[in-house]
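# Output the structure for:
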Amino acid sequence: MPGTPGAAVAMTLAIVAALLFAGCGESSTPTSPDVTAMLARRRQVTHTVSAGESVFQIARRYKVSPEGLMKANRLRSPWDLYVGQTLVIPGAYQKASLGGIGASGAHRYNGERSSRQFLWPVAHGVVSSGFGVRNGAMHDGVDISAPAGTPVYAADSGTVIFSGKLHGYGNTVIVRHDDSYATVYGHQERNLVAEGARVRRGQEIGEIGRTGRTNGANLHFEVRCYNLAKDPLAYLPQPTTSSGISFAEAGGS
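Numbering: from 1, shown residues only. The predicted model follows:
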């Protein structure tokens, strides 16, 4: 049951397994048979609908038939789409990508925002890579570039369920929140919290670095609900012109 110790352990194992798979390798973290089995699973490519997109455009982009796309997502008509909707791409499975290499930039999020809103984990930075398919692989979070040593803050109050190194992710902290949400902070120079610690919203939990698979100092940030990766930008407030957050393709550095 959600909220029980057993559920918390299962959630931790599931998230770590997903991240290990994304890192495409091994970790010093002990793995259970359940975790090993999860590592062998493939991950299905998904697409988040943006304003102005149609079933036919999305199908053409992924080279699948409109009928197959509609069937896979139980769409009764091509007009059942809405902005922010997540579609499964039939027959498309990819390993996850951490980014950092071959980053393609990021745009402001114009889709429907979740009622659950987190705090930006970095006060000043440039969103250099967005969520979604990139270079043929799924990128499960956003990358926020900032100088090494920049403080990283907990996006919400919760409990640290992992603090250590993960292949590909480098120094990583995972925080479990209520309502089966979790946030992931990768590539950190240092983790400043230990497993089991309670953290409050906005508390410093690490420093931006370049550990793991990355070619520059940045934070790889993920939002997960029931261990499904969500577009973090839907869960973060839209940056204002006076805020310290900008986007790489909007003139960011």
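# Distance check, Pro121 against Gly141.
10 Å (CB to CB, to the nearest Å). From N, CA and C alone the C-beta is placed, and that goes for glycine too.
# Report the set of residues contacting both of these two.
Between them, Pro121 and Gly141 share these contacting residues under CB atoms under 8 Å, 6 or more residues apart in numbering: Phe221.
# tell me the average confidence for stretch 58-70?
Averaged across stretch 58-70, the pLDDT comes to 82.
# For it, C-alpha coordinates in CSV please.
Provided in CSV are the C-alpha atoms of stretch 58-70 (Å, rounded to 0.1, in the frame of the first residue of the first chain):
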residue,chain,number,x,y,z
ILE,A,58,2.9,13.0,-35.0
ALA,A,59,2.5,9.8,-36.9
ARG,A,60,4.6,11.1,-39.7
ARG,A,61,7.3,12.3,-37.3
TYR,A,62,7.7,8.8,-35.8
LYS,A,63,7.0,7.0,-39.1
VAL,A,64,4.0,5.1,-37.8
SER,A,65,0.5,5.0,-39.3
PRO,A,66,-2.2,7.4,-37.9
GLU,A,67,-4.5,4.4,-37.4
GLY,A,68,-1.8,2.6,-35.3
LEU,A,69,-1.1,5.7,-33.3
MET,A,70,-4.8,6.2,-32.5
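# how far out from the middle of the chain is that stretch?
In this view, stretch 58-70 has its centroid 24 Å away from the chain centroid, taken as CA atoms, centre = their mean, to the nearest Å.
# Please apply the same query to stretch 128-148.
How far stretch 128-148 lies from its chain's middle: 8 Å, per CA atoms, centre = their mean.
# same thing with stretch 172-185?
Offset of stretch 172-185 from its chain centre (CA atoms, centre = their mean): 11 Å.
# What residues sit buried inside it?
Of all the residues in stretch 172-185, those buried under the rule 16 or more other CB atoms under 10 Å are Thr172, Val173, Ile174, Val175, Arg176, His177, Tyr181, Ala182, Thr183, Val184, Tyr185.
# okay, the residues you listed in a markdown table with pLDDT next?
Below are those laid out as a markdown table (pLDDT from 0 to 100):
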| residue | pLDDT |
| --- | --- |
| Thr172 | 96 |
| Val173 | 96 |
| Ile174 | 95 |
| Val175 | 96 |
| Arg176 | 95 |
| His177 | 96 |
| Tyr181 | 94 |
| Ala182 | 95 |
| Thr183 | 96 |
| Val184 | 96 |
| Tyr185 | 97 |
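# what mean pLDDT does stretch 120-132 have?
91.
# just the CA coordinates of that stretch, formatted as CSV?
What follows is stretch 120-132, C-alpha atoms only, in CSV (Å, rounded to 0.1, in the frame of the first residue of the first chain):
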residue,chain,number,x,y,z
TRP,A,120,13.0,25.2,-9.6
PRO,A,121,16.0,23.2,-8.2
VAL,A,122,18.4,25.9,-9.4
ALA,A,123,18.0,29.6,-8.8
HIS,A,124,20.1,30.7,-11.8
GLY,A,125,20.7,28.5,-14.9
VAL,A,126,20.0,27.8,-18.5
VAL,A,127,17.7,24.9,-19.5
SER,A,128,20.0,23.4,-22.1
SER,A,129,18.1,20.2,-23.0
GLY,A,130,14.4,19.4,-22.7
PHE,A,131,12.3,16.3,-22.0
GLY,A,132,11.4,13.9,-24.8
